[in-house]
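Visitor: Mind folding the following:
(2 chains)
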Amino acid sequence: MVIWIILLTMTAAAVMAVLWPLSRHHGQNRQVDPNTQFYRSQLAEIERDQEKGALLPSEAEAAKAEAARRLLRANGQQDAGFVAVGEPALRRRRAASALALSVVPILAIAIYGAYGSPHFQGGAPIAIKQEAAKLDFAAAVGQIEAHLASNPEDGRGWEVLAPVYLRMGRVDDAVKAYGSAIRYLGPEAGRLANYGEAMVLAKDGVVSAEAQAAFEQAVALDKSSAKARFYLARAAEQDGQIEKAKSAYSDLLSTSPADAPWVPVVREQLSRLGAPQSDAAEAGAPRIGSDDIARMVSGLAARLEAQGGSAEEWARLMRSYAVLGQRDKAAAAAKQARQALAKDEAGLKTIEMMARELKLTDAEP
Amino acid sequence: MLVEAGHFALALALGLSLIQFIVPLWGARTNDPVLMGVAPASALAVLACIGFAFLALTTAYITSDFSVLNVVENSHSTKPLIYKISGVWGNHEGSMLLWVLILALFGAVVAVSKNTVPVRLQANTLAVQAAITVAFLLFILIASNPFTRITPVGEGQDLNPLLQDPGLAIHPPLLYIGYVGFSITFAFACAALIDGRIDAVWARIVRPWTLGAWSFLTLGIAMGSYWAYYELGWGGWWFWDPVENASLMPWLAGTALLHSTVVMEKRDALKVWTILLAILTFSLSLLGTFLVRSGVLTSVHSFAVDPARGSFILGILVAFIGGSFALFAWRAPLLRQGGLFAPVSREGALVVNNLFLATACATVFIGTLYPLALEVLTGEKISVGAPFFNLTFLPLIIPLLLLLPFGQTLAWKRGNFLGTAQRLYAAMGLAIVATLALLAVTAGGPVVAPLGIGLGTFLILGSLNEIVTRSWSKGTRLAVAWRKAAGLPRSAWGTAIAHAGVGVTVIGIAATAWGVEALGTMKVGDRLKAGSYEIRLERLVPRVEANYREDVALLMVSHNGRELGNLETMKRLYVTRNMPTTEAGIMTVGLGQVYASLGEIQSDGSIGLRLYYKPLVLLIWLGALVMAAGGALSLTDRRLRIGAPARAKVPPSSVPAE
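Guide: This next block holds a predicted model:
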């Protein structure tokens, strides 16, 4: 409410700035014509210069003649005199006032109404608190980064930084950081599992061959690594080996303590696999309705079938089917892509790589 | 709250500007002083509104109000206060706001100059000025709103590191004062066309605006050039980059305008041409704004690449340039032609000056826009750089500079070229002697440098010659001559100083031919030599600051074995934007500079380093400062000026008066 009072006051002041000169009487305010005034002063100036000796008499003469000529001319074309009295002038004044009274407020409110945010709640105190917390955080990250830039072989530093990157959403940086940690600190089950998880996140939830290798190595080092086993189960699920996935999940569940934090997630996976529809959106993905995803995917498929598309788009379609668990459709898409891109060698390569990544070749009937 | 009020004030300013556009024009047509009286009042109100909006945005920056999108995108709470303030115009939206603020400020200055400007001229001028304000306010409010709010976030994204420099605090305001100053001359020109009347009074009113705008533009360009020189780390001071050209074109046209206004004020001649130049100069300023702001060109200046904004500014450009030229074509034939003059006269010389400057400006125009047009039409990318401009621009500027001292010495209305040449014998002689002496001393070196320095010397001596011959003749005692010289009008001194400044810059540019450069990969303890200067890499240290971290190369500079001191050059990484910059290390020795720039840092600890020695390089920018000082001095001279025409019978050696 206060804001509207302020804005109203401002509008009133702005309108007054225009109305005020319109309300003044202009009868006596006759400006000396600056034109003739100018040449008069010019003549005076020449005389002063002549007295000072800055001008020779002959020059002064010539200059004076010139100025006088101009003065005569200016006198001749003096303004016809301003008229501000009488009925037409009054009408003009009223029209101008009406214009100011309407244009200024209407335009201002229309523009401000369209682009302004009068109801904006100034969240300054929260912002400041957040700012301080975030500042420390950003500064800490910066310090670690600076330290690692000069000591890139400090594996411990990379290991600390990697989860921070993940939390900041810098997934690719996190993958690199885990990779460096493994390189300098050596492979260790937990580290490998984290590395694999970061790779899965970077690939939007798909367990790639690389990630799977990392998880397998992790399990080889430590059979009880829950994270690695969970993702291996999911890999099996994405490969279309539902039975294998189910047994892997139940295995994990049976060897986990009952209060382990991952137990509910695994249970959910199991029940999802038990349910008849296997194309539900996977749990790790952002919670967009599975219908939405299916609609988007079928839209992409229709477009590609009708108009064709780039190898990247075909690859995206294949991956989308794989993520939705429709492996037969993914394989069919791969076949279609191979036909569509028959003449495009680089494109075919992309498709083959995606097919290998999604392990479509093994699953092909 | 303040931010919203600022936004609303901007919307109010739009309405007020619209009133300021319509009502005074109507008043001028109907001869109604009351309606015309609305112009100054609304101009002041517009200034108050835009000033308030600008203050509101500045406050948001200073208090790091991260609920304003513009602040989030361009500020950071750890940034030093000065960069928080200069960050206001270090981005597209804020810089446009500064643009209209200056526009409104100048409009207000015209509004309060009551007794010098005829009422009708003032009303028309303010109306044209308001039209420009309306266009730019619409652009800001619709296409680049600096007051957009978002849900508050914790931290801003920081300012482009290249712009985190004291240069940003100064360069854009100077340049904008220059650009926008020409908008006033443009408005006056359009007003004269609307009124169908133009005379010496008009020229007298317009002259200070032209002079002021020109001085500020000179400073702004020089500042930008020095900034690029030390910040970009390429060692050059002018790159014929389209953005630089965008500011050079209005400068060239403005320089021509400055000189033709003098002719008009003193001799009532060259009226139509002056009007045309005033329109051209501001059109080029608008074009510069378009090129820089639309994202047609990618550079440090294109804060945001947004085609919608580009087409909006293009629309403004077309409307104003097209409109003003149409007005010119329609009304200019009505203007009364003024005084006559002989081809060889001060006026004639100024016409030659104008022709050269206009042609040079056209050259830059073609060199800047042709590649763009080609790319749009055929998709082919070509690069027009220094070779093109050296071949086209220099041949136009060098004769102009050679003729400059002659023009300055010629009498008004009728001149005598031979007599003028005689009065310049001393200056010419000294310049030739200096050139020959330099050629002899630096035999084997580049010939361009001594020739250029000779030209610069001629310019300086020729300008001073004007003062000397007007205050001293054979037999005059020095004290008397000095008193006489001091009594000369300030505008005469201003002219001489500004022209001498051109000479100083020319010397600085010519001396770049003597510059030496060395490139090396160095480890700690290694040495690199450029000319007689040598550096030794002392240490390589990392450093962490609030918003960046850097690798510093510590260098010891020595000249012929004598150690001069330490020099630091850095490679910085601004963390928030993950953006690297190079900070050149510069040591000033006399008027020259030792310039070191750090290249890549190899994994084995060796660094790439570029070393330059640039003799007399400071003169380039000092010359520009001198030019601007001359302009400012001339600006303080508010005497009425009339060029005393030389009569046919008066001996040619007579002195023209100011």
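Visitor: Just the element for residue B:390, please.
Guide: helix B:386-409 (DSSP states H and E).
Visitor: what comes up buried for whatever helix or strand comes next after that helix?
Guide: As assigned by DSSP H and E, the chain's next helix or strand after helix B:386-409 is helix B:417-423. Within helix B:417-423, the residues that count as buried by 16 or more other Cβ atoms under 10 Å in any protein chain shown are B:417, B:420, B:423. (Glycine included, C-beta is placed from N, CA and C.)
Visitor: Check the gap between the second one and residue A:111 for me.
Guide: When Cβ to Cβ, to the nearest Å is applied, the distance between residue B:420 and residue A:111 equals 60 Å.
Visitor: Check the separation of the first and last residues in stretch A:182-193.
Guide: One end of stretch A:182-193 to the other measures 11 Å (Cα to Cα, to the nearest Å).
Visitor: next one: it to chain centre, how far?
Guide: 35 Å (Cα atoms, centre = their mean, to the nearest Å).
Visitor: what's the answer for stretch A:91-102, then?
Guide: 46 Å.
Visitor: In that stretch, which residues are buried?
Guide: A:92-93, A:96-97, A:99-100.
Visitor: Nearest residue to residue A:118 in space, please, no chain neighbours.
Guide: residue A:3 (5.5 Å; Cβ to Cβ, 6 or more residues apart in numbering or on different chains).
Visitor: before we move on, what about residue A:353?
Guide: Nearest to residue A:353 is residue A:315, by Cβ to Cβ, 6+ apart, at 7.9 Å.
Visitor: The one you found: how many residues sit nearby?
Guide: Around residue A:315 there are 22 other residues, counting by other Cβ atoms under 10 Å in any protein chain shown.
Visitor: The residue nearest to the spatial centre of chain B: what's it in contact with?
Guide: Nearest to the mean C-alpha position of chain B, counting by Cα atoms, centre = their mean, stands residue B:217 at 2.6 Å. Counting by Cβ atoms under 8 Å, 6 or more residues apart in numbering or on different chains, residue B:217 makes contact with B:174-175, B:177-179, B:181-182, B:247, B:250-251, B:254.
Visitor: so it is in which element?
Guide: Applying DSSP H and E, one finds residue B:217 within helix B:200-231.
Visitor: Off-centre distance for that helix?
Guide: 5 Å.
Visitor: Show me where the stretch 551-658 of chain B has its helices.
Guide: B:618-635 (DSSP state H, counting those that start in this stretch).
Visitor: Give me the below-cutoff pLDDT ranges for it.
Guide: B:639-658 (pLDDT under 70).
Visitor: show me where it has strands.
Guide: Taking DSSP state E, counting those that start in this stretch to define them, one finds strands in the stretch 551-658 of chain B at B:562-574, B:579-583, B:585-589, B:592-601, B:607-614.
Visitor: now the ones you listed in a markdown table, with mean neighbour count and distance to chain A?
Guide: A markdown table is the format used below for those (neighbours: other Cβ atoms under 10 Å in any protein chain shown; distance: least, Cβ to the nearest Cβ, whole Å):
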| stretch | mean neighbour count | distance to chain A |
| --- | --- | --- |
| strand B:562-574 | 17 | 8 |
| strand B:579-583 | 16 | 12 |
| strand B:585-589 | 18 | 21 |
| strand B:592-601 | 21 | 10 |
| strand B:607-614 | 22 | 14 |
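Visitor: Output the ones you listed as JSON lines; include the columns distance to residue B:289.
Guide: Shown next, in JSON lines, are the strands of the stretch 551-658 of chain B (distance: least, Cβ to Cβ, whole Å):
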{"stretch": "strand B:562-574", "distance to residue B:289": "27"}
{"stretch": "strand B:579-583", "distance to residue B:289": "26"}
{"stretch": "strand B:585-589", "distance to residue B:289": "31"}
{"stretch": "strand B:592-601", "distance to residue B:289": "31"}
{"stretch": "strand B:607-614", "distance to residue B:289": "32"}
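Visitor: Next, count neighbours for residue A:52.
Guide: Around residue A:52 there are 9 residues (other Cβ under 10 Å).
Visitor: how close does it get to residue B:489?
Guide: From residue A:52 to residue B:489 the distance is 11 Å (Cβ to Cβ).
Visitor: for residue B:539, same thing?
Guide: If you go by Cβ to Cβ, the gap between residue B:539 and residue B:489 works out to 58 Å.
Visitor: Looking at the buried residues of stretch A:91-102, which is nearest residue A:192?
Guide: Using Cβ to Cβ, the shortest approach to residue A:192 within the buried residues of stretch A:91-102 belongs to residue A:100, at 75.0 Å.
Visitor: Check which helices and strands the helix or strand hosting that closest one is in contact with.
Guide: Assessed by DSSP H and E, residue A:100 sits inside helix A:87-115. With contacts defined as 3 or more Cβ pairs under 8 Å, 6 or more residues apart in numbering or on different chains; DSSP states H and E, helix A:87-115 has these neighbours: helix A:2-23, helix B:2-30, helix B:33-36.
Visitor: right, and the ones you listed - which one's nearest residue B:72?
Guide: Short answer: helix B:2-30, nearest of those by Cβ to Cβ, at 12.6 Å.
Visitor: and that closest one, which residues are buried?
Guide: B:2-28.
Visitor: Among the helices and strands packed on helix A:87-115, which comes closest to residue B:150?
Guide: When the helices and strands packed on helix A:87-115 are compared by Cβ to Cβ, helix B:2-30 sits nearest residue B:150, at 11.7 Å.
Visitor: chain center to the closest one, what's the gap?
Guide: 30 Å.
Visitor: Could you pull up the mean pLDDT of it?
Guide: Average pLDDT, helix B:2-30: 93.
Visitor: neighbours around residue A:349, how many?
Guide: With other Cβ under 10 Å as criterion, residue A:349 counts 12.
Visitor: What separation is there between residue B:421 and residue B:401?
Guide: For residue B:421 relative to residue B:401 (Cβ to Cβ), the value is 16 Å.
Visitor: and if you look at residue B:451?
Guide: 12 Å.
Visitor: who's more crowded, the two?
Guide: Taking other Cβ under 10 Å, residue B:451 and residue B:401 do not tie; residue B:401 has more neighbours (19 against 16).
Visitor: Alpha carbons only: can I get the strand or helix carrying residue B:132 in CSV?
Guide: For residue B:132, the element it lies in under DSSP H and E is helix B:119-138. The C-alpha trace of helix B:119-138 is given here as CSV (Å, rounded to 0.1, in the frame of the first residue of the first chain):
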residue,chain,number,x,y,z
VAL,B,119,12.5,31.2,-26.9
ARG,B,120,11.4,29.6,-30.1
LEU,B,121,14.8,27.9,-30.8
GLN,B,122,14.8,26.7,-27.3
ALA,B,123,11.4,25.2,-27.5
ASN,B,124,12.1,23.4,-30.8
THR,B,125,15.5,22.2,-29.6
LEU,B,126,14.0,20.8,-26.4
ALA,B,127,11.3,19.1,-28.4
VAL,B,128,13.8,17.3,-30.6
GLN,B,129,15.8,16.4,-27.6
ALA,B,130,12.7,15.0,-26.0
ALA,B,131,12.0,12.8,-29.1
ILE,B,132,15.5,11.2,-28.6
THR,B,133,14.8,10.8,-24.9
VAL,B,134,11.4,9.1,-25.7
ALA,B,135,13.0,6.6,-28.0
PHE,B,136,15.8,5.6,-25.6
LEU,B,137,13.5,5.5,-22.6
LEU,B,138,11.1,3.2,-24.5
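Visitor: Need the per-residue pLDDT for residue B:307.
Guide: 66.
Visitor: whoops, I mixed them up, residue B:94
Guide: 90.
Visitor: element containing it?
Guide: Here residue B:94 is assigned to helix B:92-112, by DSSP H and E.
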